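Colleague: One predicted model, sequence on top.
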Amino acid sequence: MTSKYSRFDRPEKAQNLFLQGARVLDPRRGIDQVMNLHIVDGVLQKSVAEAPNGADVIDLRGHWITPGWFDLHVHLREPGKEVAETIASGCMAAMNGGFTGIACMPNTDPPLDDAASVKWVKSQAKPFPVEVHVIAAATRGRQGKELVEMSEIVEEGVRAFSDDGGPIKSSAVLLHAVEYSNMLGARIFEHAEDLYLAEGGSMNDGEWSTRLGVTGIPTIAEAIDVARCILVSEYSGGAVHICHVSAKESVELIRAAKKKGLRVTGEVCPHHLLLTDEMCRTFDTNFKMNPPLRSEADRQACWEAFLDGTLDVYCTDHAPHSWEDKTQEFDIAPFGIVGLETAMGLALTQFLSKGMDIKTLLERVVYAPREILSQPVPAIAEGELANLTLIDPTHRWTVTPQEFKSLSRNTPFGGWELTGRARGVVHRGFALIQVF
Ligand SMILES: [Zn+2]
């Protein structure tokens with residue numbers, strides 16, 4: 001690595017940057033080749049063989065460069081719980097994980113349910129080379145009763161509404177929300193959960209919940225709501241996106257809906273692809289999330305659906321919680337785990353070795369999330385704004401939660417040995433290149 005490398009260990013202006021010798025991958029443009037990228041004032045120039053005079057040369061031989069990764073499901077805890085995460089710390093965690101864009105959920109305190117709060121979040125995120133898109137609340141105060149002022153919020157660039165943290169309980173409100181958001185070119189993101197079936201539960205309902213004596217959340221608590229959303233989508237013609245799919249029944253419903261040509265999409269998180277409810281046996285609350293870790297059959301079904309595109313998006317459901325909150329008894333501790341800083345390493349280590357190719361992975365984490373959010377997809381081409389994720393695919397590292405940029409440490413992947421890590425990001429005229 002050249003000495004210039006360390007100058008970018010915090011975001012610096014990409015005034016004249018020469019990224020040398022990486023394998024550049026932009027599948028939508030048919031690009032998979034070793035080449036140099038020259039960036040001037042954040043804009044990609046014509047690829048040249050030699051570093052232009054005065055350029056900061058970054059030796060990226062053995063690295064990959066892809067269009068910027070995007071996490072469609074993130075919880076920042078500001079306003080309300082800044083001890084767990086702020087907008088700034090969330091952006092730092094995103095960059096550290098290789099993401100140039102994130103979509104944050106509205107279940108803050110107070111919830112992001114009007115144009116002013118959306119504007120405020122975006123202003124806080126301005127100094128970072130990470131775009132923060134707000135998924136606004138679908139109903140006022142996330143109370144499930146009255147729709148928010150969707151048209152005013154859409155004017156702030158919002159293209160998704162959700163009461164995530166929970167479902168939109170009333171089917172009448174859900175139908176109106178889907179109809180109205182779709183008229184505005186936006187869509188509903190549903191946290192699919194039947195609250196009656198899930199009531200009191202802390203983990204998946206199954207063999208392990210019985211053995212452990214913990215109240216379970218059945219898979220059909222999720223799938224019943226997925227079925228409801230699909231019916232609403234079919235009836236109204238509106239698009240619906242299903243968040244964090246975890247259950248085999250949900251996968252089957254979404255697959256059938258897609259076969260019918262309905263406008264239904266779905267996302268899946270690393271923990272539902274890699275872990276099962278057996279992990280709850282130690283009562284470690286880092287294995288407690290909602291939806292919960294499911295059975296091996298559910299995990300398999302999610303993996304197949306992720307491979308074949310039934311589940312369109314790879315996202316984290318990054319849900320930071322303070323040590324004090326998470327260090328309680330299993331049934332009392334809050335649901336959720338952090339994910340921004342482990343998602344890439346897990347994907348490169350666990351997915352590519354199990355039959356997913358890099359093109360498909362990029363489809364799920366670069367292109368599909370932006371399309372579902374009605375955002376343009378970045379391209380690696382002369383004249384385009386540089387929106388890049390730099391990856392060292394062979395770097396071996398151990399997940400060390402104490403080193404996270406996130407203010408929270410609640411990960412079930414602590415101590416995992418991973419191969420492949422984000423070297424940095426280039427976006428919004430800035431470059432961040434990590435030294436490790
Ligand atoms: Zn959720």
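Modeller: On my side now, so go ahead. Numbers count the residues shown, from 1 in each chain.
Colleague: Where does pLDDT dip in this protein?
Modeller: Residue ranges of the chain with pLDDT under 70: 1-6.
Colleague: For it, which residue gets nearest to the ion?
Modeller: Among the residues of the chain, residue 191 lies closest to the ion, at 3.5 Å counting by CB to the ion. For glycine as for every other residue, the C-beta is placed from the backbone atoms N, C-alpha and C.
Colleague: residue contacts, that residue?
Modeller: Neighbour list for residue 191: 162-167, 243-244 [criterion: CB atoms under 8 Å, 6 or more residues apart in numbering].
Colleague: Over to residue 338?
Modeller: 93, 316, 318-320, 404, 406, 408-411 are the contacts of residue 338 under CB under 8 Å, 6+ apart.
Colleague: The ion next: which of those residues are close?
Modeller: For the ion, no contacts are drawn from these by CB under 5 Å from the ion.
Colleague: Max pairwise distance over those: which two?
Modeller: 316 and 409 (14.9 Å; CB to CB).
Colleague: more neighbours, the two?
Modeller: Neighbour totals were compared for residue 316 and residue 409, and residue 316 leads with 29 against 19 (other CB atoms under 10 Å).
Colleague: sec struct for that one, please.
Modeller: With DSSP: H, G, I helix; E, B strand; the rest coil as the basis, residue 316 sits in coil.
Colleague: Hmm, residue 75 and it touching each other?
Modeller: No: with contact defined as CB atoms under 8 Å, residue 316 does not count as touching residue 75 (9.4 Å).
Colleague: This protein - how does it break down into domains?
Modeller: 3-66+380-433, 68-372 (automatic domain parsing).
Colleague: any idea which element the residue lying farthest from the centre of the chain lies in?
Modeller: The centre of the chain is farthest from one residue, residue 53, which by CA atoms, centre = their mean lies 38.6 Å away. Under DSSP states H and E, no helix or strand contains residue 53.
Colleague: is it true that residue 379 touches residue 28?
Modeller: Yes: the pair residue 379 / residue 28 is scored as a contact, 7.2 Å apart, by CB under 8 Å.
Colleague: Contact residues of the protein facing the ion?
Modeller: When proximity is defined by CB under 5 Å from the ion, the chain lies next to the ion at 164, 191.
Colleague: What ranges does the chain have for its helices?
Modeller: All helices of the chain, identified by DSSP state H, fall at 87-97, 115-125, 150-154, 171-183, 195-198, 207-212, 219-236, 248-259, 270-274, 296-308, 323-326, 343-346, 358-362, 368-372.
Colleague: quick one, which of these is nearest to residue 79?
Modeller: That would be helix 115-125 among those, by CB to CB, at 8.2 Å.
Colleague: Look up the closest residue to the residue of the chain closest to the ion, ignoring the ones flanking it.
Modeller: Nearest non-adjacent residue to residue 191, counting by CB to CB, 6 or more residues apart in numbering: residue 164, 4.4 Å away.
Colleague: and if you look at residue 224?
Modeller: In space, and not counting its chain neighbours, residue 224 is closest to residue 194: 4.7 Å by CB to CB, 6+ apart.
Colleague: Around that neighbour, how many other residues sit close by?
Modeller: When neighbours are counted by other CB under 10 Å, residue 194 registers 20.
Colleague: Equivalent analysis for residue 180, please.
Modeller: 19.
Colleague: what's the nearest residue to it once chain neighbours are set aside in contact with, if anything?
Modeller: Distance criterion CB to CB, 6+ apart; nearest residue to residue 180, sequence neighbours excluded, is residue 150 at 5.6 Å. Each residue near residue 150 by CB under 8 Å, 6+ apart is listed here: 161, 180-181, 184, 186.
Colleague: Also residue 46?
Modeller: Residues in contact with residue 46 (CB under 8 Å, 6+ apart) are 38, 382.
Colleague: For the residue nearest to residue 224, give me its contacts.
Modeller: Shown in contact with residue 194 (CB under 8 Å, 6+ apart): 167, 220-222, 224-225.
Colleague: ok, so of those, who is nearest residue 311?
Modeller: Using CB to CB, the contacts of residue 194 come closest to residue 311 at residue 222, 13.1 Å.
Colleague: wait, what's in contact with that closest one?
Modeller: 192-194, 245-247, 249-250, 291.
Colleague: again, 10 Å this time
Modeller: 167, 191-194, 197-198, 242-247, 249-250, 253, 290-292, 294, 298 (CB atoms under 10 Å, 6 or more residues apart in numbering).
Colleague: What about the contacts of residue 194, which one has the most neighbours?
Modeller: residue 222 (31 neighbours).
Colleague: Check the gap between it and residue 194 for me.
Modeller: In this view, residue 222 and residue 194 are 8 Å apart by CB to CB, to the nearest Å.
Colleague: And stretch 387-402, how far out from the chain middle?
Modeller: Chain-centre distance of stretch 387-402: 16 Å, with CA atoms, centre = their mean, to the nearest Å.
Colleague: Buried ones in it, by neighbour count?
Modeller: Buried positions in stretch 387-402, judged by neighbour count with 16 or more other CB atoms under 10 Å: 387-393, 395, 397, 399, 401.
Colleague: now, among those, which is nearest to residue 354?
Modeller: Residue 354 lies nearest to residue 393 out of the buried residues of stretch 387-402, by CB to CB, at 15.6 Å.
Colleague: Start and end of stretch 47-60, how far apart?
Modeller: 15 Å (CA to CA, to the nearest Å).
Colleague: Of all the residues in it, which ones are buried?
Modeller: By neighbour count with 16+ other CB under 10 Å, stretch 47-60 contains the buried residues 51, 55-58, 60.
Colleague: how far is it from where the chain is centred?
Modeller: Centroid separation for stretch 47-60 versus its chain: 32 Å, with CA atoms, centre = their mean.
Colleague: Repeat that for stretch 314-331.
Modeller: On CA atoms, centre = their mean, the centre of stretch 314-331 falls 16 Å from that of its chain.
Colleague: That one: which residues count as buried?
Modeller: Going by 16+ other CB under 10 Å, stretch 314-331 has these buried residues: 314-322, 325-326, 330.
Colleague: same deal with stretch 414-432?
Modeller: Going by neighbour count (16+ other CB under 10 Å), the buried part of stretch 414-432 is 414, 416, 418-432.
Colleague: before we move on, back to that, what is the nearest of the contacts of residue 194 to residue 262?
Modeller: Using CB to CB, the contacts of residue 194 come closest to residue 262 at residue 225, 15.6 Å.
Colleague: now that closest one, nearest residue through space, not along the chain?
Modeller: Residue 225 sits nearest to residue 192 (CB to CB, 6+ apart), 3.7 Å away.
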